[in-house]
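> Take a look and give me a structure for this.
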Amino acid sequence: MLKKVIFALTTVFFIMGIAGISLAGEKGNERRGKLIYRNVYKSCFKRGAVESKRPALSPDAKTMAQWERLFKKEKFEDFGCTEEWGKLKEKDLNDIFTYLYNHAADSPSPAKCK
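Model prediction:
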C-alpha cells in the first residue's frame, strides 16, 4: 500500500513539474537574437538615424532583472532606432530578449556586443 502511495505522489509531482516547465514560457533563439539585434542597428545606421552600426546597449549594460522589466514594459526607447524596433515581430523580440538576458551583467556568461 505504501509503495502505491509513493508511486502516485511521484507521478503527480513529475506531471506537475513537466507542466510547470512547459508553462514557463518559450525560450528564444539566442544566436538568432544576437543577429537580429545587430541588424536592427545596421539598418538604422543605413537610414542615417545613428552614428554607429554598433548597438547602443551591450548585453552587460543591464542585469537580468532589468532586461526582464524593459521587455515586459515594451519600452524600447533606451535602444534608439524606434522605427526599426517597431517593425520587429514578437518572435524576434523574444529572441533578442533571450540573447540579452543570457549575457546580462549578472549572468553566468556576461558578454559585450562586438
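
> what's the average pLDDT for the helix or strand hosting E83?
Element membership for E83 (DSSP states H and E) is helix 82-87. If you average the pLDDT over helix 82-87, you get 88.

> Which positions within the helix or strand following it qualify as buried?
Stepping forward along the backbone from helix 82-87, the first helix or strand reached (DSSP H and E) is helix 90-102. With burial defined by 16 or more other CB atoms under 10 Å, the residues of helix 90-102 counted as buried are D92, L93, N94, D95, I96, F97, T98, Y99, L100, Y101, N102. All C-beta spots, glycine's among them, are computed from the backbone N, C-alpha and C.

> Could you report the pLDDT at the third one?
For N94, the model assigns a pLDDT of 95.

> What is the burial count for K73?
Using other CB atoms under 10 Å, the number of residues around K73 comes to 8.

> just checking, what packs against the helix holding E83?
Helix 82-87 makes packing contacts with helix 30-47 when contacts are defined by 3 or more CB pairs under 8 Å, 6 or more residues apart in numbering; DSSP states H and E.

> So what angle separates the directions of the helix it packs on and helix 90-102?
What separates the directions of helix 30-47 and helix 90-102 is an angle of 110 degrees, with axes from the mean of the first three to the mean of the last three CA atoms, to 10 degrees.
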